[in-house]
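Q: Here's my sequence, what's the structure:
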Amino acid sequence: MSDALSERLAREPAEVECSICRHRQYVSAATGRCDQCGSGIEVVAGREAGLQRMEALSSEGRAAYLVEVRRPVSARGLYAVVANRRFPSGG
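A: The predicted structure is shown next:
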């Protein structure tokens, strides 16, 4: 699904607002980073898939947010999971 989604986004990028820094940007691949704060962004098809991904990231101790993609209109039904950057452990 990720390859098909990346192809779709390459043709018509989706506007995603980073839940962490509120930076708006267009994403043209299923996975990427916020240009301003570096948070991870994953675009998924469907709310349920987004909730599952968000829960997985949260269980790793990361702050994760689910954002409905609203633009362009053809992107309806897509969701973005935004998660804070992962830093190496100081161990």
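
Q: these two touch, right, residue 43 and residue 15?
A: No: with contact defined as Cβ atoms under 8 Å, residue 43 does not count as touching residue 15 (10.9 Å). All C-beta spots, glycine's among them, are computed from the backbone N, C-alpha and C.

Q: Show me the common contact partners of those two, please.
A: Any residue near both residue 43 and residue 15 by Cβ atoms under 8 Å, 6 or more residues apart in numbering counts here, and that gives 27, 69.

Q: Settle it for me: which of these two has more neighbours?
A: Neighbours were counted for residue 43 and for residue 15 using other Cβ atoms under 10 Å; residue 43 has more, 26 against 14.

Q: roughly how far apart are that one and residue 61?
A: Residue 43 sits at a distance of 23 Å from residue 61 (criterion: Cβ to Cβ, to the nearest Å).

Q: mind listing what the helix or strand residue 66 falls within pairs with, with the direction of each?
A: For residue 66, the element it lies in under DSSP states H and E is strand 64-68. Applying DSSP bridges to the sheet, strand 64-68 is found paired with strand 78-83 (antiparallel).

Q: give the contact list for the residue nearest to residue 39 when sequence neighbours are not counted.
A: Among residues not flanking residue 39 along the chain, residue 20 sits closest, at 4.8 Å (Cβ to Cβ, 6 or more residues apart in numbering). Applying Cβ under 8 Å, 6+ apart to residue 20 gives the contacts 34, 37, 39, 63, 65, 82, 84.

Q: cool, and residue 34?
A: With contacts defined as Cβ under 8 Å, 6+ apart, residue 34 is in contact with 18, 20-21, 23, 25, 41, 82.

Q: Swap in 6 Å and give it another go.
A: With contacts taken as Cβ atoms under 6 Å, 6 or more residues apart in numbering, residue 34 has the following neighbours: 18, 23.
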